[in-house]
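>>> have a look at this prediction, sequence included:
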Amino acid sequence: MKNIVIIAHDMRSTHNVGSLLRTADGLGVDKVYLTGYTPYPLKDNDSRLPHIFNKLSAAIHKTALGAENTICWEQSDDITSVISKLKTEGYTICGLEQTEDSTALPEYKSPRKCALVLGTEVTGLPKNVLELCDVCLAIPMFGKKESFNVVQAAAMSLYQLRFH
């Protein structure tokens with residue numbers, strides 16, 4: 001069985017976060033790391049003001065439908081420390097991003113331990129995060145649009161990483 005984790009970095013949309021948690025649960029992801037300014041549900045010893053964590057948690061729940069309580073997740077402001085920890089645990093860090101050097105997702109043979117890094121909905125992964133990745137993966141596009149919604153892209157990638 002493969003060990004797959006997700007790092008969701010600087011996502012803006014609570015609905016995308018909720019949908020990602022639900023997708024991760026359905027595809028057997030071990031853990032989701034919510035890094036940078038990515039919104040996150042209520043957590044133990046939450047330091048945010050109650051009206052803030054209540055609003056964000058409710059919005060995430062709308063699409064997560066309870067997955068925020070069934071999938072293991074962790075919030076961290078610092079993506080670098082998360083990636084460093086995962087590398088010491090033997091994870092291959094796979095950034096999902098269209099770059100000149102990206103490997104087409106269907107051609108990639110996933111390792112036993114894989115961390116899929118997702119970026120902001122509009123601009124993707126910043127250069128400093130791409131430099132921390134062991135490989136960049138891209139989903140081939142066949143239509144006129146240049147990208148998928150981040151959660152749709154995550155779902156396609158997770159399925160490929162899980163079964164290939």
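Yep, that arrived.
>>> and the helices in this protein?
Remark: helices assigned in the chain by DSSP state H are 14-26, 50-64, 67-70, 79-88, 127-130, 150-163.
>>> list the buried residues of the third one.
Taking 16 or more other CB atoms under 10 Å as the basis for neighbour counts, the residues of helix 67-70 that come out buried are 67-68. All C-beta spots, glycine's among them, are computed from the backbone N, C-alpha and C.
>>> next one: the fourth one
When neighbours are counted by 16+ other CB under 10 Å, the buried residues of helix 79-88 are found to be 79, 82-83, 86.
>>> ok, the longest one next?
Using 16+ other CB under 10 Å as the test for burial, helix 50-64 gives 53, 56-57, 59-61, 63-64.
>>> who's in contact with that helix?
14-19, 21-22, 39-42, 46, 48, 68 (CB atoms under 8 Å, 6 or more residues apart in numbering).
>>> of these, which is the nearest to residue 4?
residue 21 (14.0 Å; CB to CB).
>>> could you check the pLDDT of that closest one?
If you check residue 21, the pLDDT there is 98.
>>> equivalent analysis for residue 115, please.
Looking at residue 115, the pLDDT reads 98.
>>> what about the residue nearest to it when sequence neighbours are not counted, how many residues nearby?
Leaving out its chain neighbours, the residue that sits closest to residue 115 by CB to CB, 6 or more residues apart in numbering is residue 91, at 4.5 Å. When neighbours are counted by other CB atoms under 10 Å, residue 91 registers 21.
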